[in-house]
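Asker: okay, structure incoming, though there's no sequence with it:
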């Protein structure tokens, strides 16, 4: 047998030996261990003999309970429906008595505060009446979302949507500022008052003797000149001062309107403490009347309660920067109007500030030319017909 043949046989024998060792190793890995047994009740390891304690820890699966969660984020005041609710399993130890465990108990209720996706619903987070805001426990501050602050703003029947605002509503606040020209040096409204000294008047005063322009007016003709206007030369060649034919000769302010969107109404009118004050008045217990005695006359009834005045202030929640803007608007006597939003309308719209230039350009308003004539508006007085007498017969 040659040397080469012997080497080939040795190489083949080594490969077979390595294959046998690999198969034996794999079979040993697949066999179950003798020290760990799993039982059906959820415990690991073999049960300890009677009277002996096992050294290995016993792990138990805690019981679970169903809870109601929200499938989407909803704002305060949103009415819960079955399509946005679901059941989720939670450990019993983490579920309190306040957690809702049935979808039927949450349907048709209103979100008391903003509810986020996946949040577990509780009885405190839902109310059956949207006007219930937990005043007894938290007060109006329970309606202010995180990162917002609230302040009071004056309101009346015209600006406050005919008193149709209530706690929990969302409004847009329309603010109109009035810009007026001022003197840069004096920082006062224009026009400034002006005094005109004519050379003829000064010469006449000097001719009269000692004195000044203010005190020495004998023999001097003074011509009052309005502080606003212009000098024009008339066709006759005379110079005349032209001024507006209006009582208020101050320049008209330039209004600029803007909007603050999606402000939450926290309170309408003055805040009152929880509870009815009438409940604090003790009810008198009637005394029994002996038989045969006359029935006592009841005291005169109290005067009827006066009708409360409509609210003149509301509290709105906005971001701090928006609150500063709103406060500045109140300080400068800007006009504030409130527009009521829908229940679930939280969208922010792209709105441009309103000015006269925007009005003319946006709606293609053509400025009419200056005409030399106009239509005379005549007033016709209408005399009402007197009502017929009760005893007369109509013709």
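Answerer: Sure thing, it's come through. Remember, predicted model here, so these are calculated numbers, not experimental data. Numbering: from 1, shown residues only.

Asker: list the residues that contact residue 188.
Answerer: residue 182 (Cβ atoms under 8 Å, 6 or more residues apart in numbering). (C-beta placed from N, C-alpha, C; glycine too.)

Asker: any idea how far it is from residue 254?
Answerer: Taking Cβ to Cβ, to the nearest Å as the measure, residue 188 falls 17 Å from residue 254.

Asker: again with residue 363
Answerer: In terms of Cβ to Cβ, residue 363 sits 18 Å off from residue 254.

Asker: between those two, who's got more neighbours?
Answerer: residue 254 (13 against 7; other Cβ atoms under 10 Å).

Asker: relative to residue 256, how far out is the residue nearest to that one when sequence neighbours are not counted?
Answerer: Closest residue in space to residue 254, ignoring its immediate chain neighbours: residue 179 at 4.4 Å, by Cβ to Cβ, 6 or more residues apart in numbering. Using Cβ to Cβ, one obtains 6 Å as the distance from residue 179 to residue 256.

Asker: neighbour count winner among the two?
Answerer: Just comparing residue 179 and residue 256: by other Cβ under 10 Å the higher neighbour count belongs to residue 256, 16 against 10.

Asker: buried set for the host helix or strand of that one?
Answerer: In the assignment (DSSP states H and E), residue 256 maps to strand 254-268. Of the residues in strand 254-268, 256, 257, 258, 260, 261, 262, 263, 264, 265, 266, 267, 268 count as buried by neighbour count, 16 or more other Cβ atoms under 10 Å.

Asker: kindly report the same for stretch 101-119.
Answerer: Neighbour counts over stretch 101-119 (16+ other Cβ under 10 Å) mark 103, 106, 107, 109, 110, 111, 112, 113, 115 as buried.

Asker: after the top helix by length along the chain, which helix or strand is next?
Answerer: Ranked by residue count under DSSP state H, the longest helix found in the chain is helix 3-30. Scanning forward in sequence from helix 3-30 by DSSP H and E, the next helix or strand is strand 64-70.

Asker: tell me what that next one is packed against?
Answerer: strand 85-91, helix 103-106 (3 or more Cβ pairs under 8 Å, 6 or more residues apart in numbering; DSSP states H and E).

Asker: mean pLDDT and distance to residue 234 added to the ones you listed, as a markdown table?
Answerer: Listed next are the helices and strands packed on strand 64-70 as a markdown table, based on pLDDT from 0 to 100; distance: least, Cβ to Cβ, whole Å:
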| stretch | mean pLDDT | distance to residue 234 |
| --- | --- | --- |
| strand 85-91 | 90 | 84 |
| helix 103-106 | 92 | 84 |
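
Asker: include distance to residue 24 when you put the ones you listed into CSV, please.
Answerer: Shown next, in CSV, are the helices and strands packed on strand 64-70 (distance: least, Cβ to Cβ, whole Å):
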stretch, distance to residue 24
strand 85-91, 46
helix 103-106, 59
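
Asker: can you give me the strands in the stretch 101-250 of the chain?
Answerer: 110-111, 126-127, 149-154, 170-179, 230-233, 239-242 (DSSP state E, counting those that start in this stretch).

Asker: who wins for proximity to residue 62 among the ones you listed?
Answerer: strand 126-127 (27.2 Å; Cβ to Cβ).

Asker: what pairs with the closest one, and is each one parallel or antiparallel?
Answerer: Sheet pairing for strand 126-127, assigned by DSSP bridges, gives strand 110-111 (antiparallel).

Asker: what is the residue nearest the centre of the chain paired to in the beta sheet?
Answerer: Closest to where the C-alpha atoms of the chain average out (Cα atoms, centre = their mean) is residue 263, at 1.4 Å. Beta bridges link residue 263 to residue 171, judged by DSSP bridges.

Asker: ok, it - contacts?
Answerer: 170, 171, 172, 173, 316, 317, 318, 322.

Asker: what about 10 Å?
Answerer: Contact analysis of residue 263 by Cβ atoms under 10 Å, 6 or more residues apart in numbering lists 148, 150, 153, 169-173, 314, 316-319, 322-323, 326, 338, 341.

Asker: filter those down to the buried ones.
Answerer: By neighbour count, with 16+ other Cβ under 10 Å, the contacts of residue 263 hold 148, 150, 153, 169-173, 314, 316-318, 322-323, 326, 338, 341 as buried.

Asker: for the stretch 151-300 of the chain, which segments count as helices?
Answerer: Assigned by DSSP state H, counting those that start in this stretch, the stretch 151-300 of the chain shows helices spanning 199-208.

Asker: how close does the nearest residue to residue 154 once chain neighbours are set aside sit to residue 365?
Answerer: Once flanking residues are discounted, residue 154 sits nearest to residue 313: 5.7 Å by Cβ to Cβ, 6+ apart. The gap separating residue 313 from residue 365 is 37 Å, by Cβ to Cβ.

Asker: please apply the same query to residue 321.
Answerer: 34 Å.

Asker: the closest residue to residue 128 other than its chain neighbours: what's it in contact with?
Answerer: In space, and not counting its chain neighbours, residue 128 is closest to residue 109: 5.7 Å by Cβ to Cβ, 6+ apart. Residues in contact with residue 109 (Cβ under 10 Å, 6+ apart) are 78, 79, 80, 100, 121, 123, 125, 126, 127, 128, 129, 130.

Asker: the third one against residue 104, yeah?
Answerer: Same thing as residue 80. No: if you go by Cβ atoms under 10 Å, residue 80 and residue 104 don't touch, sitting 11.0 Å apart.

Asker: return every residue with contacts to both of the two.
Answerer: Shared contacts of residue 80 and residue 104, defined by Cβ under 10 Å, 6+ apart, are found at residue 68.

Asker: so the protein: which segments form each domain?
Answerer: Domain assignment for the chain by automatic domain parsing gives 64-132, 135-180+253-273+310-367, 185-251.
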